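[1] sequence? don't have it. structure:
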């Protein structure tokens with residue numbers, strides 16, 4: 001044991017002191033290659049996007065489970081849906097801004113777009129995968145439960161608006177004919193639509209966050225540290 005610590009201390013003394021390495025770097029902790037001592041700045045955006053995407057995706061799953069065990073009527077709550085949307089956009093903005101900061105305060109449109117888009121892709125992948133498993137394996141009766149809740153809420157909403165009985169019956173009949181099952185096809189279509197919308201939002205965020213470097217500014221794509 002003493003020999004191990006003595007060797008470790010000797011090794012630490014030989015290792016050079018590195019500048020401020022971002023948290024979002026490979027093995028230190030993300031993509032800093034300890035073998036070649038190489039910091040690849042062109043991958044900063046990818047790692048930051050993955051990081052925030054996993055956070056938002058996991059947060060969606062946790063909240064979804066909370067709603068499931070509390071009251072499934074909350075699945076149809078308008079404000080909860082808006083909250084998911086706002087939090088996701090906020091994470092996209094943070095990931096793009098953090099990437100710009102990691103790249104020295106400058107980021108091209110592509111460099112700002114990359115983390116924002118990756119954030120929503122990963123978040124939606126996690127959320128859609130969980131949704132598919134939830135409806136098909138965890139609780140297969142959830143689809144019918146949601147149909148009943150939708151019928152109940154729609155009936156109460158239309159009655160509150162003093163809608164004619166014929167209109168209420170027609171609306172309820174249309175809901176009864178709807179397919180509430182969550183198939184692979186429906187999941188993929190939903191995922192593709194969300195990613196497409198997310199790409200448009202990511203483009204807007206990139207246009208706002210981007211900051212082109214001044215003329216003559218050079219930012220190394222990789223910084224190599226020589227072995228001591």
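    That came through fine. The structure displayed is predicted, hence computed values, not measured ones.

[2] pLDDT on the helix or strand hosting residue 67, on average?
    Secondary structure from DSSP states H and E places residue 67 in helix 44-70. Per-region confidence: helix 44-70 scores 95 on mean pLDDT.

[3] could you point out which element follows that helix?
    Sequence-wise, the next helix or strand beyond helix 44-70 is helix 78-102, with elements assigned using DSSP H and E.

[4] give me the contacts around that following helix.
    Outside helix 78-102, the residues that touch it by CB atoms under 8 Å, 6 or more residues apart in numbering are 22, 24, 41, 44-45, 48-49, 51-53, 55-56, 59-60, 63, 67, 74, 106-107, 111-120, 123, 198, 201-202, 205-206, 209-211. For every residue, glycine as well, the C-beta is placed using N, CA and C.

[5] buried ones among the residues you listed?
    Judged by neighbour count, with 16 or more other CB atoms under 10 Å as the criterion, the buried members of the contacts of helix 78-102 are 22, 24, 41, 44-45, 48-49, 51-53, 55-56, 59-60, 106-107, 111-120, 123, 198, 201-202, 205-206, 209-210.

[6] let me see the contact set for residue 191.
    By CB under 8 Å, 6+ apart, the contact set of residue 191 is 124-125, 128.

[7] do residue 147 as well
    By CB under 8 Å, 6+ apart, the residues touching residue 147 are 175-176, 178, 180.

[8] what's the most distant pair in the residues you listed?
    Spatially, the most separated pair among the contacts of residue 147 is 176 and 180, at 10.0 Å (CB to CB).

[9] so between those two, which is more surrounded?
    Neighbour count, other CB atoms under 10 Å: between residue 176 and residue 180, residue 180 has more, with 15 against 10.

[10] nothing else from me, thank you.
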